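Chemist: Quick one: sequence plus predicted model below, questions after.
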Amino acid sequence: MRIDIITIFPEYFRPLHVSLLGKAAGRGIVEFAVHDLRTWAHDTHRTVDDAPFGGGPGMVMTPAPWGEALHAVTSTALPGARLVVPTPSGIPFRQEMAATYAACDHLVFACGRYEGIDARVIEDARTSMVVDEVSVGDYVLSGGEPAALVMIDAIGRLLPGVLGNVASAADDSFGGGAGPMAGLLEGPVYTRPRVWRGREVPGVLLSGDHAAIARWQRDEALRRTAAYRPDLVAKIAADALDARDREVLSRAGFPLRGEDMAH
Ligand code: SAM
């Protein structure tokens, strides 16, 4: 996969050389190219912002450098390349979107700053490629760089060959698919020692009884999801819940829908 990033802070992307993503790049699984937007700003001060039309606080990124930058970067775009524009006013970034992006050959991230990028840049880009305006959460960051890093990390770990254990992504929270944890948050995890500060690892995990362990893990996942993300429990299809699931959810105080109660 090729990932191009356009930013006024190229140094912000040093973490791409660290950990899993750094190893993936070293092994040729993903290729990163970080471009300084100011390369395409031609005045003495390499200005990329101006006051907003209509008034109001802050500055807006001007269209000219963005237009040139996107033209230069996408002139060698691979088929199916997508432009991702981080913005708090975009569609929410979720695990399914990370999986969709991980199946692409080429992504371009356009990192805004100030009050954002002049809207005509996105309109113009849409005439030549798929453009997604994407939010990483319901809060406002000072720039698109941390949002792009978050998305690239979530995408990168889904690329074939990046995770040591391919099953681990499917078992993660939001793992999706048809697995036993589909649609749930992951429950608590433990490692050695068996007792730490007087706290013991739950006995079932030491039992060697795989069915009992799987049931316990699902119970914990259901409890955690009901407590922290009831919106996710509400999305689980009724026929995906067995009698034990309903009992766990009911004890967790989760109000099951009428049709679920009937099972
Ligand atoms: N005026 C904008 C608004 O209210 O929608 C916020 C601009 S923000 C200060 C500057 C830049 O940070 C945005 O252009 C975007 O690139 C990035 N950004 C901020 N919050 C974000 C979020 N939740 N998700 C993705 N990008 C975000």
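Modeler: Alright, I've got the coordinates.

Chemist: All the strands of this protein, in order from the start?
Modeler: In the chain, the strands defined using DSSP state E lie at 2-7, 31-36, 49-50, 60-61, 82-92, 106-110, 130-135, 195-196, 199-200.

Chemist: I'd like those as JSON lines, with distance to S168 and mean neighbour count appended.
Modeler: The C-beta positions use only the backbone N, C-alpha and C, and glycine is treated the same way. Shown next, in JSON lines, are the strands of the chain (distance: least, C-beta to C-beta, whole Å; neighbours: other C-beta atoms under 10 Å):
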{"stretch": "strand 2-7", "distance to S168": "22", "mean neighbour count": "23"}
{"stretch": "strand 31-36", "distance to S168": "23", "mean neighbour count": "16"}
{"stretch": "strand 49-50", "distance to S168": "42", "mean neighbour count": "16"}
{"stretch": "strand 60-61", "distance to S168": "39", "mean neighbour count": "22"}
{"stretch": "strand 82-92", "distance to S168": "24", "mean neighbour count": "18"}
{"stretch": "strand 106-110", "distance to S168": "23", "mean neighbour count": "24"}
{"stretch": "strand 130-135", "distance to S168": "25", "mean neighbour count": "18"}
{"stretch": "strand 195-196", "distance to S168": "23", "mean neighbour count": "10"}
{"stretch": "strand 199-200", "distance to S168": "25", "mean neighbour count": "10"}
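
Chemist: Would you format these as JSON lines with distance to E68 and mean pLDDT included?
Modeler: Compiled in JSON lines, the strands of the chain are given as follows (distance: least, C-beta to C-beta, whole Å; pLDDT from 0 to 100):
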{"stretch": "strand 2-7", "distance to E68": "10", "mean pLDDT": "98"}
{"stretch": "strand 31-36", "distance to E68": "11", "mean pLDDT": "98"}
{"stretch": "strand 49-50", "distance to E68": "15", "mean pLDDT": "98"}
{"stretch": "strand 60-61", "distance to E68": "13", "mean pLDDT": "98"}
{"stretch": "strand 82-92", "distance to E68": "15", "mean pLDDT": "98"}
{"stretch": "strand 106-110", "distance to E68": "13", "mean pLDDT": "98"}
{"stretch": "strand 130-135", "distance to E68": "17", "mean pLDDT": "98"}
{"stretch": "strand 195-196", "distance to E68": "57", "mean pLDDT": "98"}
{"stretch": "strand 199-200", "distance to E68": "59", "mean pLDDT": "98"}
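
Chemist: Of those strands, which is nearest A147?
Modeler: Comparing these by their distance to A147 (C-beta to C-beta), the top pick is strand 82-92, with 3.6 Å.

Chemist: Just want the angle from that closest one to strand 130-135.
Modeler: Inter-element angle recorded for strand 82-92 and strand 130-135: 40 degrees (by axes from the mean of the first three to the mean of the last three C-alpha atoms, to 10 degrees).

Chemist: Tabulate the strands of the chain in CSV, adding columns for distance to the ligand.
Modeler: Rendered in CSV, the data for the strands of the chain read as follows (distance: least, C-beta to the nearest ligand atom, whole Å):
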stretch, distance to the ligand
strand 2-7, 10
strand 31-36, 16
strand 49-50, 11
strand 60-61, 8
strand 82-92, 3
strand 106-110, 8
strand 130-135, 4
strand 195-196, 37
strand 199-200, 37
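
Chemist: just for the stretch 51-200 of the chain, where's the confidence low?
Modeler: Counting by pLDDT under 70, the low-confidence segments of the stretch 51-200 of the chain come to 177.

Chemist: what does it put close to the ligand?
Modeler: Residues of the stretch 51-200 of the chain lying close to the ligand by C-beta under 6 Å from any ligand atom are 86-89, 111-113, 115-116, 135-137, 139-144, 147.

Chemist: Can you show me the CA trace of whichever helix in the chain runs longest as PDB?
Modeler: Secondary structure of the chain per DSSP state H: the longest helix is helix 210-228. Below are the C-alpha coordinates for helix 210-228, written out as PDB (Å, rounded to 0.1, in the frame of the first residue of the first chain):
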ATOM      1  CA  HIS A 210     -11.500 -24.100  26.300                       C
ATOM      2  CA  ALA A 211     -15.300 -24.000  26.100                       C
ATOM      3  CA  ALA A 212     -15.500 -22.500  29.600                       C
ATOM      4  CA  ILE A 213     -12.800 -20.000  28.800                       C
ATOM      5  CA  ALA A 214     -14.600 -18.900  25.600                       C
ATOM      6  CA  ARG A 215     -17.900 -18.600  27.600                       C
ATOM      7  CA  TRP A 216     -16.200 -16.500  30.300                       C
ATOM      8  CA  GLN A 217     -14.600 -14.300  27.700                       C
ATOM      9  CA  ARG A 218     -18.000 -13.700  26.000                       C
ATOM     10  CA  ASP A 219     -19.700 -13.000  29.300                       C
ATOM     11  CA  GLU A 220     -17.000 -10.400  30.200                       C
ATOM     12  CA  ALA A 221     -17.200  -8.800  26.700                       C
ATOM     13  CA  LEU A 222     -21.000  -8.600  27.100                       C
ATOM     14  CA  ARG A 223     -20.700  -7.000  30.500                       C
ATOM     15  CA  ARG A 224     -18.100  -4.500  29.400                       C
ATOM     16  CA  THR A 225     -20.000  -3.500  26.300                       C
ATOM     17  CA  ALA A 226     -23.300  -3.100  28.200                       C
ATOM     18  CA  ALA A 227     -21.500  -0.900  30.700                       C
ATOM     19  CA  TYR A 228     -19.500   1.300  28.400                       C
END
